[in-house]
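S.K.: this is a predicted model, with the sequence first.
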Amino acid sequence: AQKVTQAQTEISVVEKEDVTLDCVYETRDTTYYLFWYKQPPSGELVFLIRRNSFDEQNEISGRYSWNFQKSTSSFNFTITASQVVDSAVYFCALRNTNAGKSTFGDGTTLTVKP
Amino acid sequence: KAGVTQTPRYLIKTRGQQVTLSCSPISGHRSVSWYQQTPGQGLQFLFEYFSETQRNKGNFPGRFSGRQFSNSRSEMNVSTLELGDSALYLCASSLDVGVRNEQFFGPGTRLTVL
């Protein structure tokens, strides 16, 4: 069985602070993909990043960066210099060869205060 | 390119009724997946369709069903509604099956059962 755990239910930061969202996953598959999505109040899930199980290279995209460590089954997400517009619920997800089925974590609600 | 559209956006029904939700994937996308999002259970996979065939099904009772048409549009139906069916129902489309295919989510249909 697959499982994704986002231990942080809610995080509140002040604008310009850095914030890291944690994600730990469990799977028996050797081939899988990990995703981060953002869900603003409008409800639509917005894709942020995809990483496959063979690519542990970390990535930086603007203010966003991701740290994938297969040894600890973690795929953490960092926002640098947070902004109020970053306030949303962030979901980590795992997908294996059953491509249409993604297993989501419970989400982390990020509030960035001005 | 238009995104994933879902209709209706909001729906209010009473217990015992049935409901049909519609999803139009991005043009050219052939795979459609459905998810239920509730505060208590989070995001849970309902089913996945590809080329008018159900490929995967989540752990939901038989009251939940779906189908996909030849133009890749999909509908899901919930019969004999229960209070616990109140949720945001999200549809996601992807170009093809295969774990590397990115899923694009629609804005969702918020169903309230009274």
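M.R.: Okay, I see it.
S.K.: show me which residues of chain A sit near chain B.
M.R.: Residues of chain A found near chain B, taking CB under 8 Å from any CB of the partner chain as the criterion, are A:31-33, A:37, A:42-47, A:50, A:52, A:91, A:95-107. Every C-beta, even on glycine, is put in place using the N, C-alpha and C of the backbone.
S.K.: which of those fall in strands?
M.R.: Mapping these onto strands (DSSP state E) picks out A:33, A:37, A:46-47, A:50, A:52, A:91, A:95, A:102-104.
S.K.: any chance of those residues in CSV, plus pLDDT, distance to B:Glu75 and neighbour count?
M.R.: Output for these, formatted as CSV (pLDDT from 0 to 100; distance: CB to CB, whole Å; neighbours: other CB atoms under 10 Å in any protein chain shown):
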residue, pLDDT, distance to B:Glu75, neighbour count
A:Tyr33, 89, 27, 20
A:Tyr37, 94, 24, 23
A:Val46, 91, 24, 14
A:Phe47, 88, 24, 15
A:Arg50, 85, 28, 18
A:Asn52, 85, 32, 14
A:Phe91, 96, 25, 25
A:Arg95, 88, 24, 25
A:Ser102, 86, 21, 26
A:Thr103, 91, 24, 22
A:Phe104, 94, 23, 21
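S.K.: what's the farthest-apart pair in these?
M.R.: A:Val46 and A:Asn52 (20.0 Å; CB to CB).
S.K.: residue in chain B with the shortest distance to chain A?
M.R.: Of all residues in chain B, B:Glu48 sits closest to chain A, with a separation of 2.8 Å (CB to the nearest CB).
S.K.: the nearest residue to A:Lys113 once chain neighbours are set aside: what's it in contact with?
M.R.: In space, not counting the residues next to it along the chain, A:Lys113 is nearest to A:Val14; the distance is 5.3 Å by CB to CB, 6 or more residues apart in numbering or on different chains. A:Val14 is in contact with A:112-114, counting by CB atoms under 8 Å, 6 or more residues apart in numbering or on different chains.
S.K.: what secondary structure does the most centrally placed residue in chain B sit in?
M.R.: Among the residues of chain B, the smallest C-alpha distance to the mean C-alpha position (CA atoms, centre = their mean) belongs to B:Trp34, namely 3.2 Å. Following DSSP: H, G, I helix; E, B strand; the rest coil, B:Trp34 is assigned to strand.
S.K.: hmm, B:Ser74 and it touching each other?
M.R.: Yes - with contacts counted by CB atoms under 8 Å, B:Trp34 reaches B:Ser74, the gap being 7.3 Å.
S.K.: need the residues touching each of these two.
M.R.: Counting by CB under 8 Å, 6+ apart, the residues touching both B:Trp34 and B:Ser74 are B:23, B:66, B:91.
S.K.: which of the residues you listed tops the neighbour count?
M.R.: In terms of neighbours by other CB atoms under 10 Å in any protein chain shown, the shared contacts of B:Trp34 and B:Ser74 top out with B:Cys91 at 29 neighbours.
S.K.: ok, and the closest non-adjacent residue to A:Arg63?
M.R.: Nearest in space to A:Arg63, with sequence neighbours left out and distances taken as CB to CB, 6+ apart, is A:Thr80 at 4.7 Å.
S.K.: neighbours of B:Tyr49, how many?
M.R.: A count of nearby residues for B:Tyr49, using other CB under 10 Å, gives 27.
S.K.: thank you, goodbye.
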